[in-house]
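Enquirer: make a model of this:
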Amino acid sequence: MLLSELQRYLHHHPRSSLQELSESLHVDADALRGMLSHLIRKGRVHQLKTKPCTHCSSCNQETLEFYEWVGR
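Expert: Numbers count the residues shown, from 1 in each chain. Next up, the predicted model:
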């Protein structure tokens, strides 16, 4: 997967969870984190702050990790 595909997806889906990105782009979440970190450093993506779930301990972390497109 190319970085440009990730940027295109986020441009069309400005707020996405890591799980949504992983499922839609068919890429492992850890690989996406590396690409997202690169886009964060370039100022194109922002990681949204979320509060951990307090109701149970079975939530998948990837469903609680959100990113927002802020680039051009």
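
Enquirer: and the longest helix seen in the chain, what's its mean pLDDT?
Expert: Secondary structure of the chain per DSSP state H: the longest helix is helix 29-41. The average pLDDT within helix 29-41 is 96.

Enquirer: please enumerate the helices of the protein.
Expert: For the chain, the helices defined by DSSP H occupy 3-12, 18-25, 29-41, 61-64.

Enquirer: okay, and the helix or strand of this structure with the least pLDDT?
Expert: Sorted by mean pLDDT, DSSP states H and E, the helices and strands of the chain end with helix 61-64, the least confident at a mean of 68.

Enquirer: returning to that earlier point: I'd like the helices of the chain as a markdown table, with distance to R72 appended.
Expert: C-betas here are computed from N, CA, C, even on glycine. Formatted as a markdown table, the helices of the chain follow (distance: least, CB to CB, whole Å):
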| stretch | distance to R72 |
| --- | --- |
| helix 3-12 | 9 |
| helix 18-25 | 19 |
| helix 29-41 | 12 |
| helix 61-64 | 27 |
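
Enquirer: let's have those helices in a markdown table, adding mean neighbour count.
Expert: Listed next are the helices of the chain as a markdown table, based on neighbours: other CB atoms under 10 Å:
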| stretch | mean neighbour count |
| --- | --- |
| helix 3-12 | 15 |
| helix 18-25 | 17 |
| helix 29-41 | 15 |
| helix 61-64 | 14 |
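
Enquirer: between these, which one is closest to K49.
Expert: Closest approach to K49 among these (CB to CB): helix 61-64, 10.6 Å.

Enquirer: quick check, P14 in contact with G71.
Expert: No. The criterion here is CB atoms under 8 Å, and P14 misses it with G71 at 10.1 Å.

Enquirer: what touches both of these two?
Expert: Between them, P14 and G71 share no contacting residue under CB atoms under 8 Å, 6 or more residues apart in numbering.

Enquirer: tally of neighbours for the spatially closest residue to V70 that is not a sequence neighbour?
Expert: Among residues not flanking V70 along the chain, H46 sits closest, at 5.2 Å (CB to CB, 6 or more residues apart in numbering). Residues within reach of H46, counting by other CB atoms under 10 Å, total 16.

Enquirer: H46: what's it in contact with?
Expert: Here H46 is in contact with 40, 67-68, 70 (criterion: CB under 8 Å, 6+ apart).
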